[in-house]
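Undergrad: dropping a prediction and its sequence here:
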Amino acid sequence: MSGKYIVRTFGCQMNEHDSERLAGLLEADGLEPTTDVEQADVVVLNTCCIRENADNKLYGTLGHLKSLKEARPGMEIMVAGCLSQKDRGTIAERAPYVDVILGTHNVHRAVDLLHQRRETGKPVLEILEETVAEDHELFPSALPVVRQAGYAGWVTIQMGCDNSCAFCIVPAVRGPEISRPFGDILAEVQRAASDGVTEVTLLGQNVNSFGRDLTLR
């Protein structure tokens, strides 16, 4: 692909990390970053469903993008993240001009879905119900990255949550707990260090549970 992209992030550190990986995938496919949404050919909204008024923020932003897209029909809009995992059909119904909707378990498919949209001429909605435990390439840290701060890096060590807290939607949108193998984590940290990263933050939805499932595999 050619052109410019922008990624807008709503939510937590995990979303910020996912956004860095989305940016890495887009740049690996030939797109260049821009800070001006009016100049962007691809606009990615990485959403949250935990923070207050998350849906209002999304639809408010989409309303603005609709006007831009009407003026520039070639602009493509992608919605990713927890809110799209939770409200997939609602987003497609309320904003039919969105080109691609993907969830929390298929960040790695972002570019493929954009290509599918262009090839078919039809909006694409792809939501996976959970990450495939045996495919560790699905961890965000296994994907290309464009870091917001050159000295700092996030490394995902665990995804999902097995708790069933009545007040929390995380297990529903991020799936069951999956720990990343030790060797993969160490290799990612070493790659980050070789890129000049001096500060690494280990991420997960429930990091206190890291490793509990590794003995089962």
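TA: Now that the structure is in, tell me what you want to look at.

Undergrad: what's the burial count for the spatially closest residue to N206 that is not a sequence neighbour?
TA: Counting by Cβ to Cβ, 6 or more residues apart in numbering, C161 is the residue found nearest to N206 once chain neighbours are left out, at 4.4 Å. Yep, even glycine has a C-beta here, placed from its N, CA and C like the rest. Burial of C161, expressed as a neighbour count using other Cβ atoms under 10 Å, amounts to 20.

Undergrad: check contacts around G24.
TA: With contacts taken as Cβ atoms under 8 Å, 6 or more residues apart in numbering, G24 has the following neighbours: 143-146.

Undergrad: domain-wise, how is the chain divided?
TA: 4-126, 136-216 (automatic domain parsing).

Undergrad: can you say which of those domains is packed in most?
TA: With neighbours defined by mean count of other Cβ atoms under 10 Å, none of the domains of the chain is more surrounded on average than domain 4-126, at a mean of 18.

Undergrad: let's test this: mean pLDDT of that domain, rounded?
TA: For domain 4-126, the mean pLDDT works out to 93.

Undergrad: chain center to it, what's the gap?
TA: Counting by Cα atoms, centre = their mean, to the nearest Å, domain 4-126 is centred 9 Å from the centre of its parent chain.

Undergrad: also stretch 180-191?
TA: The chain centre lies 20 Å from the centre of stretch 180-191; the measure is Cα atoms, centre = their mean.

Undergrad: likewise for stretch 164-178?
TA: In this view, stretch 164-178 has its centroid 17 Å away from the chain centroid, taken as Cα atoms, centre = their mean.

Undergrad: hey, C-alpha coordinates of stretch 12-29 in PDB?
TA: Presented in PDB, the C-alpha positions along stretch 12-29 are these (Å, rounded to 0.1, in the frame of the first residue of the first chain):
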ATOM      1  CA  CYS A  12      -5.100   1.600  28.500                       C
ATOM      2  CA  GLN A  13      -1.400   0.700  28.100                       C
ATOM      3  CA  MET A  14      -2.400  -2.500  26.300                       C
ATOM      4  CA  ASN A  15      -4.300  -0.500  23.800                       C
ATOM      5  CA  GLU A  16      -1.300   1.800  23.400                       C
ATOM      6  CA  HIS A  17       0.900  -1.200  22.800                       C
ATOM      7  CA  ASP A  18      -1.600  -2.600  20.300                       C
ATOM      8  CA  SER A  19      -1.600   0.700  18.500                       C
ATOM      9  CA  GLU A  20       2.200   0.600  18.200                       C
ATOM     10  CA  ARG A  21       1.900  -2.800  16.500                       C
ATOM     11  CA  LEU A  22      -0.900  -1.600  14.200                       C
ATOM     12  CA  ALA A  23       1.400   1.300  13.200                       C
ATOM     13  CA  GLY A  24       4.200  -1.200  12.600                       C
ATOM     14  CA  LEU A  25       2.100  -3.400  10.400                       C
ATOM     15  CA  LEU A  26       0.900  -0.400   8.300                       C
ATOM     16  CA  GLU A  27       4.400   1.000   7.900                       C
ATOM     17  CA  ALA A  28       5.700  -2.500   7.000                       C
ATOM     18  CA  ASP A  29       3.100  -2.500   4.200                       C
END
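
Undergrad: so where do the helices sit in this protein?
TA: When secondary structure is read from DSSP state H, the chain shows helices at 13-28, 54-71, 82-86, 88-94, 110-120, 170-174, 182-194.
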